[in-house]
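Enquirer: I would like to see how this sequence folds:
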Amino acid sequence: MANEPIRFGYIGCGFVAQRIHIPNFRGLPDCHFLGIAEVRGDLGRRVAAAYGIPKVYRSHEELAADPEILLMDEPFSALDPLIRRQLQDQFLDLSTKLKKTTVFITHDLDEAIRMGGH
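Expert: Numbering: from 1, shown residues only. Below is the predicted model:
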């Protein structure tokens, strides 16, 4: 099975984002921006045009509310290891079927590697 491209939204278009982060992400194979969130509308539009990013959101809340993107902030952190693993498996199966872009936040390196590898 071929790997699906990584599709994601990015928050902020400041100097570091323009000079380092966005170019680095653009240079990764199979890495596709869905949009950027920037409160400074003119800056967001200029950066989006310069890097071929298709959509500009007015805030990170708007980006997270987009039905194409799911935000999960440490969803399994309070669970015991067995239930945690079962829910991770269920989430991975479901996300493969739905092909939904997910911003997954975790402080667990093993979880990040496992969840990010799909």
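Enquirer: so how far is the longest helix along the chain from its chain's centroid?
Expert: Using DSSP state H, we find that the single longest helix of the chain is helix 81-98. Its chain's C-alpha centre and that of helix 81-98 lie 18 Å apart, by CA atoms, centre = their mean, to the nearest Å.
Enquirer: what are the buried residues along that helix?
Expert: Buried residues in helix 81-98, defined by neighbour count with 16 or more other CB atoms under 10 Å: Arg84, Gln88, Phe91, Ser95. Where C-beta positions appear, they are placed from N, C-alpha and C, glycine not excepted.
Enquirer: and the worst-scoring helix or strand of the chain on mean pLDDT, what other elements does it pack with?
Expert: None of the helices or strands of the chain scores lower by mean pLDDT, DSSP states H and E than strand 69-73, at a mean of 72. On a contact count with 3 or more CB pairs under 8 Å, 6 or more residues apart in numbering; DSSP states H and E, strand 69-73 meets strand 101-105.
Enquirer: list the helices and strands the strand it packs on packs on?
Expert: strand 6-11, strand 69-73, helix 109-116.
Enquirer: at 7 Å instead, please
Expert: Applying 3 or more CB pairs under 7 Å, 6 or more residues apart in numbering; DSSP states H and E, one finds that strand 101-105 makes contact with strand 6-11, strand 69-73.
Enquirer: tell me the most buried of those strands?
Expert: A comparison of the helices and strands packed on strand 101-105 by mean neighbour count, using mean count of other CB atoms under 10 Å, puts strand 6-11 on top with a mean of 18.
Enquirer: just list what that strand packs against, helices and strands only.
Expert: Going by 3+ CB pairs under 7 Å, 6+ apart, strand 6-11 lies up against strand 31-37, helix 60-65, strand 101-105.
Enquirer: so where is the protein shaky, pLDDT-wise?
Expert: Residues of the chain that meet the criterion pLDDT under 70 lie in 1-2, 67, 71, 118.
Enquirer: pick the most deeply packed of the helices and strands packed on strand 6-11.
Expert: The most buried one of the helices and strands packed on strand 6-11 (mean count of other CB under 10 Å) is strand 31-37, showing a mean of 19.
Enquirer: follow-up on the earlier one: what sits up against the longest helix of the chain?
Expert: Phe76, Leu79, Thr102, Arg114, Met115, His118 (CB atoms under 7 Å, 6 or more residues apart in numbering).
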